[in-house]
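Novice: Need a 3D model of the following:
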Amino acid sequence: QVQLVESGGGVVQAGDSLRLSCAASGRTFSSYDMGWFRQAPGKEREFVAAIRWSSGSPYYADSVKGRFTISRDNAKNTVYLQMNSLKAEDTAVYYCNADWPGTRHNYWGQGTQVTVSS
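Specialist: Numbers count the residues shown, from 1 in each chain. Purely as a prediction, here's the structure:
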């Protein structure tokens, strides 16, 4: 079992930056691929970024590529999402996800609100 707690959301203006954090419980954190998803009002939840446990390779949605950076600190059981040059369309609830490849172990955090005013 993994529990995820996001933090760092808030209200910012377009062009500002925010850093989201996701703290995970559990001793097998380093075995999980970690990801960030977001859901805007009236829209489906969508993929934002992920980072592999094995290689540390990051992956991004085209909409955030070049502006967002995902990173992880396995020693702190924490994954981060650095968001720069924020746009109004980035407004959403951001969710942290932990996925253990090849297993049914998949967990979600409770979400943190990011609001970008234009």
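Novice: so is the residue nearest to residue 70 when sequence neighbours are not counted in a helix, a strand, or just coil?
Specialist: With sequence-adjacent residues excluded and distances taken as CB to CB, 6 or more residues apart in numbering, residue 70 is closest to residue 49, at 4.1 Å. C-betas here are computed from N, CA, C, even on glycine. Classification of residue 49 by DSSP: H, G, I helix; E, B strand; the rest coil places it in strand.
Novice: Does residue 49 touch residue 36 like I think?
Specialist: Yes: at 5.0 Å, residue 49 and residue 36 qualify as touching, with contact defined as CB atoms under 8 Å.
Novice: Among these two, which residue is more densely surrounded?
Specialist: residue 36 (26 against 23; other CB atoms under 10 Å).
Novice: about what we covered before: which residues are in contact with both of residue 49 and residue 36?
Specialist: 70, 81 (CB atoms under 8 Å, 6 or more residues apart in numbering).
Novice: do you know how far the residue nearest to residue 70 is from residue 27?
Specialist: If you measure residue 49 against residue 27 using CB to CB, to the nearest Å, the figure is 24 Å.
Novice: Just the C-alpha atoms of the helix or strand residue 82 falls within, please, in PDB.
Specialist: Secondary structure from DSSP states H and E places residue 82 in strand 78-83. Presented in PDB, the C-alpha positions along strand 78-83 are these (Å, rounded to 0.1, in the frame of the first residue of the first chain):
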ATOM      1  CA  THR A  78       9.000  12.400  -3.000                       C
ATOM      2  CA  VAL A  79       8.300  13.400  -6.600                       C
ATOM      3  CA  TYR A  80       8.200  17.000  -7.800                       C
ATOM      4  CA  LEU A  81       6.600  18.900 -10.600                       C
ATOM      5  CA  GLN A  82       8.200  22.200 -11.400                       C
ATOM      6  CA  MET A  83       5.800  24.300 -13.400                       C
END
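Novice: hmm, who's touching that strand?
Specialist: Residues contacting strand 78-83 (CB under 8 Å, 6+ apart): 17-24, 34, 36, 48-49, 51, 64, 67-73, 90, 94, 96, 114.
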